[in-house]
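>>> next input, structure requested:
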Amino acid sequence: MKIDSKTVDKLAELAKLEFDDASRNEIVNDLNRIVSFVEKLNEIDTASVEPLIYLTGTANALRDDVVKHDITQQEALKNAPKRDSDYIKVPKVIDKK
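Residues are numbered from 1 along each chain as shown. The predicted structure follows:
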């Protein structure tokens, strides 16, 4: 697989990125090196290798969820810089275009 400027432009559009021509050329080169490395890994015979599910032999140490009320809603709202009667107000972080 060969990465070209058109592919990078499409990826940039999907990721909502913008960059100049010099940066685009660097990205094309970097992505081509990454793809070459992955293709090199595909040449390795892994037929006799067992799939690795866990990196260590230990299992997850899970605990039971316990519901605790450390502070009340009113106590949380008391320290909020902006609030209404029930909620903390925050600035809008997602701008739909």
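>>> for the rest of this, base every contact and every neighbour count on C-alpha atoms.
Fine.
>>> biggest helix in the chain, by residue count?
Secondary structure of the chain per DSSP state H: the longest helix is helix 21-42.
>>> name the next helix or strand downstream of it, please.
Per DSSP states H and E, the first helix or strand lying C-terminal to helix 21-42 is helix 73-78.
>>> lowest-scoring secondary structure element of this structure by mean pLDDT?
The helix or strand of the chain with the poorest confidence is helix 73-78; it has a mean of 87 (mean pLDDT, DSSP states H and E).
>>> how many other residues sit next to Asp30?
13 (other C-alpha atoms under 10 Å).
>>> need the contact list for it.
Residues counted as contacts of Asp30 (C-alpha atoms under 8 Å, 6 or more residues apart in numbering): none.
>>> quick one, grab the pLDDT at the nearest residue to Ser5 once chain neighbours are set aside.
Nearest non-adjacent residue to Ser5, counting by C-alpha to C-alpha, 6 or more residues apart in numbering: Val28, 6.5 Å away. What the model reports for Val28 is a pLDDT of 95.
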